[in-house]
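Colleague: Give me a 3D structure for the following:
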Amino acid sequence: TGNLEGTLGRGGPSKCSGGGSNCFAFQAPASYARALARVGFDLFNLANNHSLDFGESGLRQTLRALAAAGLKHTGLVNEVKFAQVAGQRVAFLGFAPYPWASPLTDIAAARRQIASAARRAEIVVVFIHAGAEGAGETHTPHGTEFAFGENRGAARRFAHTAVTAGADAVLGSGPHVLRGMECYRHRVIAYSLGNFVGYRTLSTGGVLS
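Modeller: Below is the predicted model:
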């Protein structure tokens, strides 16, 4: 599994078409989906700030590319994906503070969604796209974080609530840095796993790895 922070396809209305020096719109060829499948990925979280970088058209192209490569996805509004893993039914959910994703900032709604998934699966994995970004953001603070004028959620409170609701693992992305891990009620929380691979602006070394 992984967090697909960008789109797969060609063209569409870029969110950066109006200009601006600090705008990033990520798009890769649809054929990359097959490459990702070949190296072992089978499911991607789409609950992040780049899934609509090229509008609804870009998202539709991404979904088609993933499906054509046999890849599953989760993280869109109210989306839960189930898979059989080692003979057990596993539910995958993703949350982010954006209208196209399941709600990170509405913790009560997220609790209900996770609890519902837990009733239908032996294992529940929750992805969160939460927290401020950059080399100076390696610590997960208590309370709500903000970045670029956005409410990026209260990662600790969300993760604890997710575990209480039935999550067996909470895996974080978004800050682009490695953050601490926590064992909470005998379940694992990784507040940010950093970057697996990036292009130009995203380092894969040091605290950004």
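Colleague: for this structure, which spans come out with low pLDDT?
Modeller: Along the chain, segments meeting pLDDT under 70 span 20, 199-205, 208-209.
Colleague: Grab the longest strand from it for me.
Modeller: Longest strand in the chain, counting residues (DSSP state E): strand 88-96.
Colleague: I'd like the next helix or strand past it.
Modeller: strand 102-103 (DSSP states H and E).
Colleague: That following strand packs against which elements?
Modeller: strand 88-96, helix 107-118 (3 or more Cβ pairs under 8 Å, 6 or more residues apart in numbering; DSSP states H and E). From N, CA and C alone the C-beta is placed, and that goes for glycine too.
Colleague: Check what contacts the first one and list those residues.
Modeller: What that stands for is strand 88-96. 1, 3, 43, 45-49, 72, 74-76, 79-84, 101-104, 110, 113-114, 117-118, 120-130, 158, 174 (Cβ atoms under 8 Å, 6 or more residues apart in numbering).
Colleague: try it again with 6 Å
Modeller: By Cβ atoms under 6 Å, 6 or more residues apart in numbering, the list of residues contacting strand 88-96 from outside reads 43, 45, 47-48, 74-75, 80-83, 102, 104, 110, 117, 121-129.
Colleague: ok, now the last one?
Modeller: Under the contact criterion Cβ under 6 Å, 6+ apart, helix 107-118 has outside partners 80, 91, 93, 95, 103, 124, 158, 161-162, 165-167.
Colleague: Just the buried residues out of those, in ChimeraX syntax.
Modeller: A single ChimeraX command selects the buried members of the contacts of helix 107-118 (16 or more other Cβ atoms under 10 Å):
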select :80,91,93,95,103,124,158,161,162,165,166,167
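Colleague: and which of the contacts of helix 107-118 is nearest to residue 13?
Modeller: Nearest to residue 13 among these, counting by Cβ to Cβ, is residue 103 at 24.7 Å.
Colleague: gap between the closest one and residue 72?
Modeller: Residue 103 sits 21 Å away from residue 72, taking Cβ to Cβ, to the nearest Å as the criterion.
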